[in-house]
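Asks: predicted structure and sequence below. I'll ask about it afterward.
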Amino acid sequence: MVSDNSYVECLVESKASPLVKALSLVCLVLAVIFFLSSLFALGIVGLILCVAAGVAYYFLSLNANIEFEYQYCDREITVDKILNKSRRKNVAKYEVDKLEVLAPSRSYHLDEYKNKSYKEIDYSAREKGRQPDPTYTFIYDGKERVVFEPTTEFVNAVKSVAPRKVFMD
């Protein structure tokens with residue numbers, strides 16, 4: 001049995017969307033083209049366009065490599081977003097007391113929440129069609145439907161403090 005003040009964390013690497021990958025490639029190609037054109041035809045305008053395309057590439061590539069870290073500590077679930085394995089940003093905190101249900105994403109325990117409109121938040125690896133589906137979904141405070149990929153140890157830690165709200169099917 002896991003105690004009330006246990007600490008569990010897990011890390012999930014999220015795949016970048018094909019759109020982000022394609023846009024970053026386009027920005028990189030445009031930066032090279034504008035740089036070369038600044039040498040031969042466009043001059044300073046080409047250099048400014050090269051810098052703009054380079055900045056766009058930087059920000060797109062920053063969002064191409066994302067990891068999510070989930071932490072459970074003292075009845076609280078914290079989600080951090082790690083960009084390019086170097087910059088960390090805390091994106092959400094959830095109190096276990098305000099969870100309505102936590103279950104595997106395809107569980108029948110979530111059926112009564114399907115027809116209600118919630119703000120959808122996805123902190124998973126975003127790999128559709130993976131078998132078996134490793135994602136869990138929880139309904140938070142009647143407002144949010146959150147999808148994430150916790151480990152079994154993580155789910156057990158939450159279940160130890162909220163056994164009637166957590167299902168493992």
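Replies: That came through fine.
Asks: got the buried residues for stretch 151-167?
Replies: 154-161, 165-167 (16 or more other C-beta atoms under 10 Å). Where C-beta positions appear, they are placed from N, C-alpha and C, glycine not excepted.
Asks: first vs last residue of it, how far apart are they?
Replies: Start-to-end span of stretch 151-167 (C-alpha to C-alpha, to the nearest Å) is 13 Å.
Asks: do you know how far Thr152 is from Val45?
Replies: Per C-beta to C-beta, to the nearest Å, Thr152 is found 57 Å from Val45.
Asks: cool, Thr151 as well?
Replies: 53 Å.
Asks: please apply the same query to Asp133.
Replies: Distance from Asp133 to Val45, by C-beta to C-beta: 51 Å.
Asks: quick check on Arg87: phi, psi?
Replies: phi -110, psi 130 (degrees, to the nearest 10).
Asks: isn't Ala16 up against Leu62?
Replies: No: judged on C-beta atoms under 8 Å, Ala16 makes no contact with Leu62 at a distance of 10.5 Å.
Asks: state which helix of the protein is the longest.
Replies: Ranked by residue count and defined by DSSP state H, the top helix of the chain is helix 18-40.
Asks: ok, residues contacting that one?
Replies: Residues from elsewhere that reach helix 18-40 (C-beta atoms under 8 Å, 6 or more residues apart in numbering): 42, 44-47, 49-50, 53-54, 56-57, 60-61, 63-64.
Asks: tell me which helix or strand comes right after that helix.
Replies: Downstream of helix 18-40, the next assigned helix or strand under DSSP states H and E is helix 44-62.
Asks: orientation of that following helix relative to helix 18-40 in degrees?
Replies: 160 degrees (axes from the mean of the first three to the mean of the last three C-alpha atoms, to 10 degrees).
Asks: the next helix or strand after helix 44-62: partners in the sheet, and parallel or antiparallel?
Replies: With elements assigned by DSSP H and E, the helix or strand that comes after helix 44-62 is strand 66-73. Partners of strand 66-73 in the sheet, by DSSP bridges, are strand 7-14 (antiparallel), strand 76-83 (antiparallel).
Asks: just the C-alphas of strand 66-73, formatted as CSV.
Replies: C-alpha atoms of strand 66-73 as CSV (Å, rounded to 0.1, in the frame of the first residue of the first chain):
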residue,chain,number,x,y,z
ILE,A,66,8.3,17.7,-26.4
GLU,A,67,8.3,15.5,-23.3
PHE,A,68,5.7,15.5,-20.5
GLU,A,69,6.6,14.7,-17.0
TYR,A,70,3.9,13.7,-14.5
GLN,A,71,4.5,13.9,-10.8
TYR,A,72,2.3,12.7,-8.0
CYS,A,73,3.1,14.1,-4.6
